[in-house]
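Peer 1: this is a predicted model, with the sequence first.
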Amino acid sequence: MTQRYCQCWFPSSNDIVRYKGHIPDLVKCRCGEYGVGNGYSWQWDTTEESDALVTERDITFHPTRSQGTAIVKGKKSLEPGMVHYWEMLAISPLYGTDVMFGIGTQSIDSGQHRFQYVSALGSNAHSWGLSYSGQIQNCGERLPYAQKFSQGCLIGVYLDRSRGHLEFYINRKALGVAYTNVPVDPNVKIYPMVCSTALKSVIRLTNCTSLPDTLLLRSLQALSRKQLSELRKFPGFRSFLKTHWFLTL
């Protein structure tokens with residue numbers, strides 16, 4: 001099991017079940033919310049089809065009872081010709097059939113599994129997901145990828161819409177490219193997505209950044225892998241690294 005990102009206090013499952021207020025308020029942790037770069041380029045979407053309560057950056061899945069799988073997506077699609085990175089904090093323990101993080105196209109219906117307990121993201125060709133079990137899934141095929149993770153972990157998603165690459169991070173450690181078959185066609189809309197079957201499971205968007213694919217970005221990406229400490233010595237690069245911070249993880 002992967003350890004938490006930080007040593008902050010998090011509520012137990014019993015604390016969450018007994019609590020009558022807004023569950024995200026129980027967690028004061030703000031670790032990992034620095035280095036936001038361009039700020040929050042998108043927020044979570046609210047739909048009646050999904051059994052989830054969305055409050056700004058927080059999602060509370062199945063706030064009353066769980067009778068299936070809830071899917072929540074971002075309000076805006078992730079533009080082609082750009083690289084996108086976002087992170088989410090698991091505020092509650094992750095358990096049950098599945099809690100998944102990833103992406104999906106406009107073909108995904110947020111309410112399609114409302115009365116079914118399934119691993120929704122990656123169950124078809126229109127979505128890609130990472131399960132809290134550590135497995136990745138696309139086209140219904142599950143593959144081993146990482147260690148199991150749960151409450152207090154920071155889950156990062158890196159999507160390169162120019163190359164069609166998708167990679168996941170846990171606690172800001174790259175896990176390697178998971179998929180290279182994400183559509184680069186600008187007519188295909190792709191959204192950040194999270195799904196959960198667990199009662200009162202809570203996920204918080206801690207940051208999200210989107211940057212155009214440029215030669216400067218690719219050069220920094222290549223250099224940062226081997227010469228990051230040298231780059232930090234130059235004043236011009238220091239300011240640039242602040243806006244491109246996720247490339248240096």
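Peer 2: Right, received. Where do you want to start?
Peer 1: would you list the strands that the lengthiest strand in the chain pairs with, along with their directions?
Peer 2: Ordering each strand of the chain by length in residues (DSSP state E) puts strand 201-212 first. Looking at strand 201-212 with DSSP bridges, its partner strands are strand 58-61 (antiparallel), strand 82-90 (antiparallel).
Peer 1: got the contact list for the longest one?
Peer 2: When you say that, I think you mean strand 82-90. Identification of contacts with strand 82-90 by C-beta atoms under 8 Å, 6 or more residues apart in numbering yields 5, 29, 32, 78, 99, 101, 132, 149-162, 169, 172, 192, 194, 202-213, 217, 246. Bear in mind the C-beta positions are built from the backbone N, C-alpha and C, glycine included.
Peer 1: the residues you listed, buried ones only, as a ChimeraX selection?
Peer 2: To isolate the buried ones among the contacts of strand 82-90 in ChimeraX, judged by 16 or more other C-beta atoms under 10 Å, type:
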select :5,29,32,78,99,101,132,149,150,151,152,153,154,155,156,157,158,159,160,161,169,192,194,202,203,204,205,206,207,208,209,210,211,217,246
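Peer 1: if we can go back for a sec, closest one to Y40 among the strands paired with strand 201-212?
Peer 2: For those, the distance to Y40 is smallest for strand 82-90, at 9.0 Å, taking C-beta to C-beta.
Peer 1: which other helices and strands does the helix or strand that comes right after the closest one contact?
Peer 2: Once the chain leaves strand 82-90, the next helix or strand it forms, by DSSP states H and E, is strand 99-105. Using 3 or more C-beta pairs under 8 Å, 6 or more residues apart in numbering; DSSP states H and E as the contact test, the elements touching strand 99-105 are strand 127-131, strand 154-160, strand 165-170, strand 190-196, strand 201-212.
Peer 1: for those strands, give me CSV that also has mean pLDDT and distance to P183.
Peer 2: Converted to CSV, the helices and strands packed on strand 99-105 look like this (pLDDT from 0 to 100; distance: least, C-beta to C-beta, whole Å):
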stretch, mean pLDDT, distance to P183
strand 127-131, 98, 11
strand 154-160, 97, 11
strand 165-170, 98, 11
strand 190-196, 98, 7
strand 201-212, 94, 17
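Peer 1: so for F10, which of these sits nearest?
Peer 2: Closest among those, using C-beta to C-beta: strand 201-212, at 10.1 Å.
Peer 1: pLDDT below threshold where in the protein?
Peer 2: Of all residues in the chain, those with pLDDT under 70 make up the ranges 34-39, 224-244.
Peer 1: give me the angle between the longest strand of the chain and strand 190-196.
Peer 2: With axes from the mean of the first three to the mean of the last three C-alpha atoms, to 10 degrees applied, the angle from strand 201-212 to strand 190-196 works out at 170 degrees.
Peer 1: brilliant, that's me finished.
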